[in-house]
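Trainee: Could you work out the structure for the sequence below:
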Amino acid sequence: TTALGHVVLPASTWGEREGTVTNSERCISRQRAFLDAPGEARPDWWMVQEVARRMGFGAGFNYAGSADIFREHARLSAFENAGTRDFDLSGLADVDSAAYETLDPIRWPVRTAGTGTDRMFADGRFYTPDARARLVPVRYRTPVHAPDTDYPLVLNTGRIRDQWHTMTRTGRSPRLSTHLTEPYAELHPRDAAVLGIADRRLVHLETSWGRMLARARLTGDQRPGTVFVPMHWNDVFAGNGRVDALVNPVVDPISGEPEFKHTPVRISAYACAWQGFALVRGDLETVGVDYWVRSTGTRCSRYELADTVMPGDWSAWAMNRLGHAEADEWLEFQDTGTGRYRAALIRAGRLEGCLFVSRDGNLPARQWLEGLFDASELDAAARMSLLAGRSPAAGEDQGEIVCSCFQVGRNRLLKAITQGEAVTLEAIGQKLQAGTGCGSCVPELKRLLAGG
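Mentor: This is a model prediction of the structure:
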């Protein structure tokens, strides 16, 4: 929405602000900042207050901090309430600043200081005039838009384990960005065979409302006739990778919930002229690139790239995108017969960026190349192997990261499983540590153990 604003005020984000957070189970928790707000960023309440003061309403917006706002919030919940509304924080209306700072998590309603309500309606009384529940009878109806010959599949959107909403909390975390780096379209192998779609290839998805590009993932876990696409990628992290542009605008007539679990869609192979990736210390210029996805590394940003048009001069294209200057070292390799191009920018002995391109999508692994950005100066062996994209030590590629906590890849896990070194979850944890951290990779580990 900032693209539509005439005035944009820099707001502090999660982790940079303090106050309270109320979750869906009614639990109010104190949130404390653990990061300093950058630049001129300020909390939302401070900005609203300053605008109000400049409009002449300073008397109504005279807050010293979030504790003042919380007390007013609590008083308003109790105003003309007398037990008629479930949301009631009257027991916290007079909390002093010291008690607010040390506030323990508590569930509303809170009508007595320090006493929350863990379970509502246990007394059989509801917040209606006669204290009886109001049940809303709902009749099942089929989705408004049914699949047809033009859009034969059903699009379903949802979450994946390592990302939060539109990556507002997670998109810049290197560890969380290693598991799934691109938006993907998960479909059944039977549907993929009919459509001529191969695993890991780029696909074009289109509905009556929009289009997007994603990486195909074929799995028997997906129901035939359906396509699943994660909701997290937006225009900050991907070009043409925003699935919400495809979702139909129908909402439930009672709840208002969007029908984002059922949108007729068609899917086809994306006819790209080239695919590639770039690793850069800063940002890569992506204007004019049809498909790009950015993910965050420890010392660099990673971009997956593809387009339907082959640049006429790869050298000029790469120098412009990587920010080549006259004093920089420039390494490159090109094979016009196979459509391969590789380039690297070295500045003062340090790797600043590299680009790897192929016509068929056959590209080297990224892990070793990303590790080169940790070096303050590349040694001779790294320079010689840089455009090969492979360590001179010829270490194995551990593959796509499965366990984000301990950075354990799919190939490494499969090797341990097939060699009989780790054939149970417990054995995987003991040998590789995978699954012993947050545990969110355990379902994927189980699929690997089952041969999936």
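Trainee: List the buried residues for whichever strand or helix holds Arg53?
Mentor: Here Arg53 is covered by helix 44-54, with elements defined by DSSP states H and E. By 16 or more other Cβ atoms under 10 Å, the buried positions in helix 44-54 come out as 45-46, 49. Quick note: C-beta positions are derived from backbone N, CA and C, even for glycine.
Trainee: Please apply the same query to stretch 76-92.
Mentor: Neighbour-count burial for stretch 76-92, counted by 16+ other Cβ under 10 Å, picks out 77-78, 81, 88-92.
Trainee: What about Cys438, how many residues nearby?
Mentor: For Cys438, the neighbour count with other Cβ atoms under 10 Å is 12.
Trainee: How about the one 10 residues further on?
Mentor: Residues contacting Leu448 under the criterion other Cβ under 10 Å number 18.
Trainee: ok so it is a strand residue?
Mentor: No. Looking at Leu448 with DSSP: H, G, I helix; E, B strand; the rest coil, it is helix, so not inside a strand.
Trainee: ok, now which ones touch it?
Mentor: Listed by Cβ atoms under 8 Å, 6 or more residues apart in numbering, the contact partners of Leu448 are 402, 410, 413-414, 417.
Trainee: repeat that for 7 Å
Mentor: By Cβ atoms under 7 Å, 6 or more residues apart in numbering, Leu448 lies in contact with 413-414, 417.
Trainee: How about Ile197?
Mentor: 203, 216, 269.
Trainee: ok, it to Thr84 distance?
Mentor: In this structure, Ile197 and Thr84 are 58 Å apart, going by Cβ to Cβ, to the nearest Å.
Trainee: same check, this time on Gly256
Mentor: 25 Å.
Trainee: where does the stretch 51-200 of the chain have low pLDDT?
Mentor: For the stretch 51-200 of the chain, no stretch is flagged by pLDDT under 70.
Trainee: those strands in it, which residues are they?
Mentor: Secondary structure of the stretch 51-200 of the chain (DSSP state E, counting those that start in this stretch): strands at 106-107, 153-158, 184-187.
Trainee: Most tightly packed of those strands?
Mentor: strand 184-187 (a mean of 23; mean count of other Cβ atoms under 10 Å).
Trainee: Give me the contact list for stretch 400-410.
Mentor: Applying Cβ under 7 Å, 6+ apart, the external contacts of stretch 400-410 come out as 162, 175-176, 178-179, 398-399, 413, 432-435, 437-438, 441, 444-445.
Trainee: Could you tell me the end-to-end distance of it?
Mentor: Here the two ends of stretch 400-410 are set 5 Å apart, with distance taken as Cα to Cα, to the nearest Å.
Trainee: now Asp290: how far from Glu444?
Mentor: Counting by Cβ to Cβ - Asp290 and Glu444 are separated by 30 Å.
Trainee: And His179, by the same measure?
Mentor: Counting by Cβ to Cβ, the gap from His179 to Glu444 is 9 Å.
Trainee: what about the longest helix in the protein?
Mentor: Ordering each helix of the chain by length in residues (DSSP state H) puts helix 66-78 first.
Trainee: and the angle from it to helix 44-54?
Mentor: 80 degrees (axes from the mean of the first three to the mean of the last three Cα atoms, to 10 degrees).
Trainee: Let me see the ranges of the strands in the stretch 351-452 of the chain.
Mentor: Taking DSSP E, counting those that start in this stretch, the strands of the stretch 351-452 of the chain run over residues 401-403, 408-409.
Trainee: quick one, which of those is nearest to Leu284?
Mentor: strand 401-403 (21.7 Å; Cβ to Cβ).
Trainee: hang on, the earlier thing: could you dump the contacts of Leu448 into TSV and include distance to Asp150 and neighbour count?
Mentor: Below are the contacts of Leu448 laid out as TSV (distance: Cβ to Cβ, whole Å; neighbours: other Cβ atoms under 10 Å):
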residue	distance to Asp150	neighbour count
Leu413	41	25
Leu414	40	14
Ile417	43	18
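Trainee: of all those, which comes closest to Pro152?
Mentor: Using Cβ to Cβ, these come closest to Pro152 at Leu414, 34.3 Å.
Trainee: Next up, the contacts around the closest one.
Mentor: Shown in contact with Leu414 (Cβ under 7 Å, 6+ apart): Leu448.
Trainee: Could you do Ala306 as well?
Mentor: Taking Cβ under 7 Å, 6+ apart as the test, what Ala306 contacts is 202, 272, 274-275, 290-291.
Trainee: Top of those by number of neighbours, please.
Mentor: Ranking those using other Cβ under 10 Å puts Tyr291 first, with 25 neighbours.
Trainee: Quick check: that residue touching Ala238?
Mentor: No. Under the criterion of Cβ atoms under 7 Å, Tyr291 makes no contact with Ala238, lying 8.3 Å away.
Trainee: one step back: could you identify the buried members of the contacts of Ile197?
Mentor: Buried, going by 16+ other Cβ under 10 Å: 203, 216, out of those.
Trainee: and the contacts of Ile197, which of them are in strands?
Mentor: 203, 216, 269 (DSSP state E).
Trainee: now the helices for the protein?
Mentor: Along the chain, counting by DSSP H, helices occupy 44-54, 66-78, 97-101, 189-195, 314-322, 367-371, 380-385, 410-418, 425-432, 442-449.
Trainee: Show me which residues of the last one are buried.
Mentor: Within helix 442-449, the residues that count as buried by 16+ other Cβ under 10 Å are 442, 444-445, 448-449.
Trainee: tilt between that helix and helix 425-432?
Mentor: Relative orientation of helix 442-449 and helix 425-432, computed by the same axes, to 10 degrees: 90 degrees.
Trainee: just the fifth one next, same as before
Mentor: Here helix 314-322 runs at 100 degrees with respect to helix 425-432, directions being taken by the same axes, to 10 degrees.
Trainee: Figure out how far helix 314-322 is from the centre of its chain.
Mentor: Between the centre of helix 314-322 and the centre of its chain there are 29 Å (Cα atoms, centre = their mean, to the nearest Å).
Trainee: residues of it that come out buried?
Mentor: Quick answer for helix 314-322 (16+ other Cβ under 10 Å): 314, 317-319, 321-322.
Trainee: Next: the longest one.
Mentor: By neighbour count with 16+ other Cβ under 10 Å, helix 66-78 contains the buried residues 66-67, 69-71, 74, 77-78.
Trainee: try stretch 406-423
Mentor: Residues of stretch 406-423 classed as buried: 406-410, 412-413, 416-417, 422 (neighbour count, 16+ other Cβ under 10 Å).
Trainee: Now do it: distance from first to last residue.
Mentor: Taking Cα to Cα, the first and last residues of stretch 406-423 lie 19 Å apart.
Trainee: hang on, the earlier thing: now for the buried residues of stretch 406-423: which two are most distant?
Mentor: Most distant of these, by Cβ to Cβ, are Gln407 and Ile417, 17.8 Å apart.
Trainee: beta partners for the nearest residue to Pro152 once chain neighbours are set aside?
Mentor: Sequence neighbours aside, Arg266 is the residue nearest to Pro152 in space, at 6.5 Å (criterion: Cβ to Cβ, 6 or more residues apart in numbering). Arg266 has these beta-bridge partners by DSSP bridges: Glu206.
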